[in-house]
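**Student:** quick one: sequence and predicted model below, then my questions.
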There are 2 protein chains.
Amino acid sequence: MRIPKHVGIIPDGNRRWAQSHGMDKDKGYENGINPGLEAYRACRDIGVNEVTFYGFTTDNAKRPSYQTKAFIKSCVDAANALVKEGASLLVMGNTKSPLFPKELLEYTTRIEGKKDEIKANLLVNYGWHWDLNTLADAINVNKNNLQNHIQSSDISRIDLIIRWGGRRRLSGFLPVQSIYSDFYVIDEYWPDFEKRHMDDAFNWYNKQDVTLGG
Amino acid sequence: MRIPKHVGIIPDGNRRWAQSHGMDKDKGYENGINPGLEAYRACRDIGVNEVTFYGFTTDNAKRPSYQTKAFIKSCVDAANALVKEGASLLVMGNTKSPLFPKELLEYTTRIEGKKDEIKANLLVNYGWHWDLNTLADAINVNKNNLQNHIQSSDISRIDLIIRWGGRRRLSGFLPVQSIYSDFYVIDEYWPDFEKRHMDDAFNWYNKQDVTLGG
């Protein structure tokens, strides 16, 4: 089986899930922590090297504060769960903003993971605009190596992106690393994550060819 | 009905179509000219303002020369067909390469279209790397207006991308303008284009919400 080296996870649908269960919108996020851990394990167990989770973005930060507080807390909890699992964690995002949780500053340089664990990246207060802006600041760039000059240059090219919640869009997720990614959409909301979603995505990916535009 | 302002068209599957009809791979492209004109008309007639066609890329240019010759010719033919139709055409791509057809140089500044016609953009010898590299050259950038500093800054944000040929990936298609695009995939190969594909895509788009990441 052809296994993606790097998987991107867009865990969408938390608010819709909460509403469909009669809860306030902010209650969805805490139900997304365990799915994240399960998705990480599914990647690790099948032989993926690196997995990137879309935590929250500078766009999301425009939402009401009871919601931003909830998703910031859930990102901290998710990071801690991944560290406890032994992942080699990197938190990536704009730290120069009050919305970036101080608890996660220590992970903005990748930590060493446990044996047999893999790289996990968590985008926290990430913005595609922020990501690309260093390109504009870089002068004398080696033009064959553009990816080295973006903020998220420690995150590699993504082979497979899996999005929950039915929407077929990238929503600003790592535009440079997503250039050639295959994109698989799962209709269920993220808190309704099941292991078989990952299996479905891996089986689908296995049937795709990879041309990198060639 | 909510109509996308700007539609992106990824006309994939020409080579697979040719092979499935017992032809050499290069014979697919010429069968993609009329579909392009029909897609343009479908956009214009429903009220879309701008449509962008993925012609060929610097990645594609690595293919055997009998194929590159065929898709370059088809891009020239497609441009001429769009001009004849009255579209306000802009050809966008790296002109500093022998692969860029000289016949299309006159369209690298947008031409004025006929009354009631719309903007059509054709990416010719386009590369996402080439597109973003001017960011690196720009100094003192207005950081709220990143899109103004890419090569393709005359092409606006895309609302809906429709890809033929079944693959679920962007393949380097305008990464900045595609940040928030909804992405609709049609399994048929591009030369098997039917008007109803456009109707299906428009109907699907009408049911999507638009959040721009908010």
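**Tutor:** Ah, there it is. This structure is a prediction, so every number in the text was calculated from the model and none was measured.

**Student:** now the strands for chain A?
**Tutor:** Listed in chain order, the strands of chain A (DSSP state E) span A:6-11, A:50-57, A:88-92, A:119-126, A:160-164, A:182-186.

**Student:** to chain B, which of these lies closest?
**Tutor:** Ranking the strands of chain A by their distance to chain B (criterion: CB to the nearest CB) puts strand A:182-186 first, at 4.5 Å. (Each C-beta comes from the backbone N, C-alpha and C, glycine too.)

**Student:** let's have the strands of chain A in a markdown table, adding distance to A:A70.
**Tutor:** What follows is the strands of chain A, written out as a markdown table (distance: least, CB to CB, whole Å):
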| stretch | distance to A:A70 |
| --- | --- |
| strand A:6-11 | 14 |
| strand A:50-57 | 10 |
| strand A:88-92 | 18 |
| strand A:119-126 | 14 |
| strand A:160-164 | 18 |
| strand A:182-186 | 23 |
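
**Student:** most packed of the ones you listed?
**Tutor:** strand A:119-126 (a mean of 27; mean count of other CB atoms under 10 Å in any protein chain shown).

**Student:** so A:Y189 sits right up against A:R16, yeah?
**Tutor:** Yes - assessed by CB atoms under 8 Å, A:Y189 is found in contact with A:R16 at 5.7 Å.

**Student:** any shared contact partners between those two?
**Tutor:** A:G28, A:G165 (CB atoms under 8 Å, 6 or more residues apart in numbering or on different chains).

**Student:** need the strands of chain A in CSV with mean pLDDT and distance to A:K73, can you?
**Tutor:** Shown next, in CSV, are the strands of chain A (pLDDT from 0 to 100; distance: least, CB to CB, whole Å):
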stretch, mean pLDDT, distance to A:K73
strand A:6-11, 98, 15
strand A:50-57, 97, 11
strand A:88-92, 98, 14
strand A:119-126, 97, 12
strand A:160-164, 98, 20
strand A:182-186, 97, 25
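
**Student:** neighbour count for A:Y189 and A:R16, which is higher?
**Tutor:** A count of neighbours by other CB atoms under 10 Å in any protein chain shown puts A:Y189 above the other of A:Y189 and A:R16, at 25 against 16.

**Student:** what's the closest non-adjacent residue to that one?
**Tutor:** A:G13 (3.1 Å; CB to CB, 6 or more residues apart in numbering or on different chains).

**Student:** and the angle for the helix or strand of chain A with the lowest mean pLDDT with strand A:88-92?
**Tutor:** Ranked by mean pLDDT, DSSP states H and E, the helix or strand of chain A with the weakest confidence is helix A:128-137, at a mean of 76. Helix A:128-137 runs at 80 degrees relative to strand A:88-92, counting by axes from the mean of the first three to the mean of the last three CA atoms, to 10 degrees.

**Student:** next, work out how far apart A:D45 and chain B are.
**Tutor:** Distance, A:D45 to chain B, using CB to the nearest CB, to the nearest Å: 24 Å.

**Student:** relative to A:L37, how far out is the residue nearest to the spatial centre of chain A?
**Tutor:** Note on chain A: the residue nearest the mean C-alpha position is A:F53, at 1.7 Å, using CA atoms, centre = their mean. The gap separating A:F53 from A:L37 is 10 Å, by CB to CB, to the nearest Å.

**Student:** follow-up on the earlier one: make CSV from the strands of chain A and add distance to chain B to it.
**Tutor:** Output for the strands of chain A, formatted as CSV (distance: least, CB to the nearest CB, whole Å):
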stretch, distance to chain B
strand A:6-11, 11
strand A:50-57, 6
strand A:88-92, 17
strand A:119-126, 11
strand A:160-164, 9
strand A:182-186, 5
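
**Student:** check whether the longest helix along chain A contacts chain B.
**Tutor:** Scanning chain A for the helix with the most residues, using DSSP state H, yields helix A:65-85. No - using CB under 8 Å from any CB of the partner chain, we find that helix A:65-85 stays clear of chain B, coming within 11.1 Å at best.

**Student:** so what does that helix touch, helix or strand wise?
**Tutor:** Packing contacts for helix A:65-85, counted by 3 or more CB pairs under 8 Å, 6 or more residues apart in numbering or on different chains; DSSP states H and E, involve helix A:33-46, strand A:50-57, strand A:88-92, strand A:119-126.

**Student:** could you tell me which residues make contact with the closest residue in space to A:D187 that isn't next to it in sequence?
**Tutor:** Counting by CB to CB, 6+ apart, A:G166 is the residue found nearest to A:D187 once chain neighbours are left out, at 4.4 Å. With contacts defined as CB under 8 Å, 6+ apart, the neighbours of A:G166 are A:D12, A:G13, A:V185, A:I186, A:D187.

**Student:** does the second one touch A:W190 like I think?
**Tutor:** Yes - in terms of CB under 8 Å, A:G13 counts as a neighbour of A:W190; the distance is 5.0 Å.

**Student:** intersection of neighbour lists for these two?
**Tutor:** Contacts common to A:G13 and A:W190, judged by CB under 8 Å, 6+ apart, are A:G28, A:W164, A:G165.

**Student:** you'd agree the last one is up against A:I9?
**Tutor:** Pointing back at A:G165 there. No - assessed by CB under 8 Å, A:G165 is found out of contact with A:I9, at 11.6 Å.

**Student:** much appreciated, bye for now.
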